[in-house]
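K.L.:
predicted model and sequence follow; I will ask about them next.
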Amino acid sequence: MKKIVILLLAAIYAISGELEDLYLKGGIAAVQQKIEKNLQSKEYWDNALKDLNLTYGYYSNSDRLIIVVDKTAKEISINKYENGAIKILKNNEIITGLMGEKLVEGDLKTPVGVYEITRRFTPPTTYYGPVAFSLSYPNLYDKLRKRTGSGIWIHGYPMEGDIRENEVETKGCVAMKNDLLLSFEDVVQNNKSIVIINEKGYPKAKNSDIAIIFANLFAWKDAWTISDLDRYLSFYSSDFRRFDGMRLNEFSAMKKRVFSKNESKIIEFKNITIVPYPNTEGKNSYRVSFDEKYRADTYKFDGNKVLYVNIENDQMKILIEE
C-alpha cells in the first residue's frame, strides 16, 4: 500500500511538473516541505486510499496476517491484504469465553480488542490440544484501564477424554477442534499476526477514518518537529494516559519544558499500521503503530511506537501513547 501512495504522489507531480519547479526554485528542502504539507491533508489521503478495501485497517507490511474473531457468531477468520483487497485464507468455527469485555482475572470472558500472537507453543497438558498460540492480553490499553488476567490463548480441544462437544464456553480463550487447529497452524505458523476480537460481527474500519488518522498523524509530527506546543497538544484526549500512567496535565507541563529548548529535531515515521479497535462502548477507536526515528540534540530514539486513538469530530485524539 505504501508503494501505491508513493506512485500516486509521483504521478500527480510528474504531470504538473510542480516538484521540478519547486526543486529549481528552492532545492530539495522545498520539495520535502510540499510533500509534508500534502501528507497533512485529509483530501490527499481520501484520494490515495479510495480504491483500497480497508475493512480491517491499513498495513504497510502486506504479509501481515489479520486474524478476526467474532465472539457472537463463534467464528475465526484468517485474512491478508493483496493489492488493496482482502483475501480470506481460512475460516473456522470456534468456542469462546463469556460475552462482554474482560475486566478482571477469573471472569471467564474473552477480551475484546486488538492483540498480537506472541508465541506458538506446545500446551502444558493435552487438555488444550496439540498446539497453542498466546495472545498479548493485557495490552497497555487494558493495563491502564485496570484490566487484569493473563494466559489468553488460541488452543484446541482435549486430546483424550471429554472433547467438550456440549461445552459452550472456555475460560476466556479461543478454542477450536483439533483438526481445525492444525489447519490453522499451517497458515499462521510463527507469524506474529494481528488478532482482532469483537463482540458482535467483524469490526469494519472506514477509509475516511484512516484518512483522518494519516493526515492528523503527520500534522502531529509536524507540530512536534517545530515545537508548536498548542497544536501538538490539540491531538491529545482529555483522558490521555502515557505508557507510565502520566496524565495530560503532567504530560503537557513536561512537553512545555522540552519544547522551550527549541531543539532542532528530525522525526521520521515508517511501516505504519492502523487497526480498528473493537469495544462495547460505541467508541470509534483505532490502534496505530509505526517505526519511529527521532533525532534531537539531547535525545535519540529508534523503535516502535503505539498509539490508541479515538476519532472525535473528524479529528484524531490520542488516548494512550506507548
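P.N.:
It's in.

K.L.:
please enumerate the helices of the stretch 101-250 of the chain.
P.N.:
Taking DSSP state H, counting those that start in this stretch, the helices of the stretch 101-250 of the chain run over residues 140-144, 178-188, 207-225, 229-233, 248-259.

K.L.:
show me the shaky parts of this structure.
P.N.:
With pLDDT under 70 as the threshold, the chain has low-confidence stretches at 1-17, 19, 22-23, 25-26, 29, 161-169.

K.L.:
out of the helices of the stretch 101-250 of the chain, nearest to Val69?
P.N.:
When the helices of the stretch 101-250 of the chain are compared by C-beta to C-beta, helix 178-188 sits nearest Val69, at 11.8 Å. All C-beta atoms are positioned from the backbone trio N, CA, C, and that covers glycine.

K.L.:
quick one: residues in contact with the closest one.
P.N.:
Residues outside helix 178-188 that contact it (C-beta atoms under 8 Å, 6 or more residues apart in numbering): 65, 67, 76, 78, 89-90, 92-93, 117, 120, 129-131, 133, 154-157, 159, 176.

K.L.:
from these, list just the buried residues.
P.N.:
Taking 16 or more other C-beta atoms under 10 Å as the criterion, what is buried in the contacts of helix 178-188 is 65, 67, 76, 78, 90, 92, 117, 120, 129, 131, 133, 154-157, 176.

K.L.:
farthest-separated two in these?
P.N.:
Leu65 and Tyr157 (22.9 Å).

K.L.:
from Asp70, how far off is Gln189?
P.N.:
Distance, Gln189 to Asp70, using C-beta to C-beta, to the nearest Å: 23 Å.

K.L.:
who has more neighbours out of these two?
P.N.:
Comparing Gln189 with Asp70 by other C-beta atoms under 10 Å, the one with more neighbours is Asp70, at 20 against 10.

K.L.:
can you pull the contacts of that one?
P.N.:
76-77, 198, 200-202.

K.L.:
list just the nearest of these to Phe259.
P.N.:
When the contacts of Asp70 are compared for distance to Phe259 (C-beta to C-beta), Asn198 wins out at 38.9 Å.

K.L.:
could you chop this protein up by domain?
P.N.:
Split into domains by automatic domain parsing, the chain comes to 1-39, 58-198, 205-321.

K.L.:
other SSEs contacting the longest helix that the chain contains?
P.N.:
If you go by DSSP state H, the chain has its longest helix at helix 18-39. Other elements packing on helix 18-39 under the criterion 3 or more C-beta pairs under 8 Å, 6 or more residues apart in numbering; DSSP states H and E are helix 2-16, helix 207-225.

K.L.:
that one vs helix 207-225, what angle?
P.N.:
In terms of direction (axes from the mean of the first three to the mean of the last three C-alpha atoms, to 10 degrees), helix 18-39 departs from helix 207-225 by 100 degrees.

K.L.:
buried residues in the helix or strand that helix 18-39 is followed by, which are they?
P.N.:
Downstream of helix 18-39, the next assigned helix or strand under DSSP states H and E is helix 42-49. Within helix 42-49, the residues that count as buried by 16+ other C-beta under 10 Å are 42, 44-46, 48-49.

K.L.:
sheet-wise, list the partners of the helix or strand following helix 42-49 with their directions.
P.N.:
Next in sequence after helix 42-49, counting helices and strands by DSSP H and E, comes strand 58-59. Next to strand 58-59 in the sheet, as set by DSSP bridges, lie strand 266-277 (antiparallel).

K.L.:
pull out the buried residues from the helix or strand that the strand it pairs with is followed by.
P.N.:
Note on strand 266-277: by DSSP H and E, the next helix or strand toward the C-terminus is strand 285-295. Of all the residues in strand 285-295, those buried under the rule 16+ other C-beta under 10 Å are 285-290, 292, 294.

K.L.:
helices or strands next to the helix or strand that comes right after strand 285-295 in the packing?
P.N.:
Downstream of strand 285-295, the first helix or strand assigned by DSSP H and E is strand 300-312. Counting by 3+ C-beta pairs under 8 Å, 6+ apart, the packing neighbours recorded for strand 300-312 are helix 140-144, helix 207-225, strand 285-295, strand 315-321.

K.L.:
quick one on the thing from earlier: of the contacts of Asp70, closest to Ala85?
P.N.:
Closest to Ala85, out of all of those and judged by C-beta to C-beta, is Ser77, at 14.8 Å.

K.L.:
which SSE is that closest one in?
P.N.:
Using DSSP H and E, Ser77 falls within strand 75-82.

K.L.:
wait, Lys255 touches Tyr232, no?
P.N.:
Yes: Lys255 is within contact range of Tyr232, at 6.9 Å (criterion: C-beta atoms under 8 Å).
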